[in-house]
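S.K.: Curious how this folds, go ahead:
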Amino acid sequence: MKSFCDEKDASILAALERDGRLSYRALGRAVGLSTPAAAERVRRLTASGAIRGFGARIDRAAAGRPVTAYLSLTCPAERGRAAIAAAEQAPEILECHRIAGAESLLLKAAVADLAALDRLVERFRLIAPTRVTVVLSTQFEEGEDGG
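M.R.: Below is the predicted model:
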C-alpha cells in the first residue's frame, strides 16, 4: 500500500471519511476537481489500498448491541492462534489486535447486555486468561466527527 500522493488525495480521503456516500460530482466539488478526475483518484486510492472499502457506520445501541467492552488476553503463540480463530467466528467481536505488553491480544466487542458479555468472556477464558474492560461512554470513534 502506498501513501497518498498529494494534498488532493488527502482531501479526498478526509471527505470520504466524513461521508462515504458522496457522489463523484459532490466529491469533486468538495476538493476542487472535475467529476471524472475525482472518480479516477478514488479508483487509484482504492487500487493502492489507501481506501479499503466503503460501508455503513452502525449505531450499535440502536442495533441491539449497546454494551462495548475490551477483552485483553494473555496467551502463548498456540493459544493466540486459537483465540484469533475464535474471534473471527464471534460476531460480537468488532476488532482483534496483537499487542505488546503484558497481554498479547486485544479484542473489541459489542454485545446486547452484561449477560451476553459474560457468555462471551467465558468462551475466551477457556482459551487464555482474559481481562475485561467495560466502556462506560464513548467520546468519539474512528470515522465519526472528532475521530
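S.K.: any idea how this protein splits into domains?
M.R.: Domain ranges of the chain: 7-48, 67-134, per automatic domain parsing.
S.K.: center of the protein, which residue is that?
M.R.: Nearest to the mean C-alpha position of the chain, by C-alpha atoms, centre = their mean, lies E95 at 6.1 Å.
S.K.: element containing it?
M.R.: strand 93-98 (DSSP states H and E).
S.K.: which residue ranges form the strands in this structure?
M.R.: 67-73, 93-98, 105-111, 130-134 (DSSP state E).
S.K.: Output the contacting helices and strands for the last one.
M.R.: Put plainly, it is strand 130-134. Applying 3 or more C-beta pairs under 8 Å, 6 or more residues apart in numbering; DSSP states H and E, one finds that strand 130-134 contacts strand 67-73, helix 114-125. Placement of C-beta: from N, CA and C, glycine included.
S.K.: same thing with the first one?
M.R.: Strand 67-73 sits against helix 77-89, strand 105-111, helix 114-125, strand 130-134, with contacts defined as 3+ C-beta pairs under 8 Å, 6+ apart.
S.K.: Lovely, talk soon.
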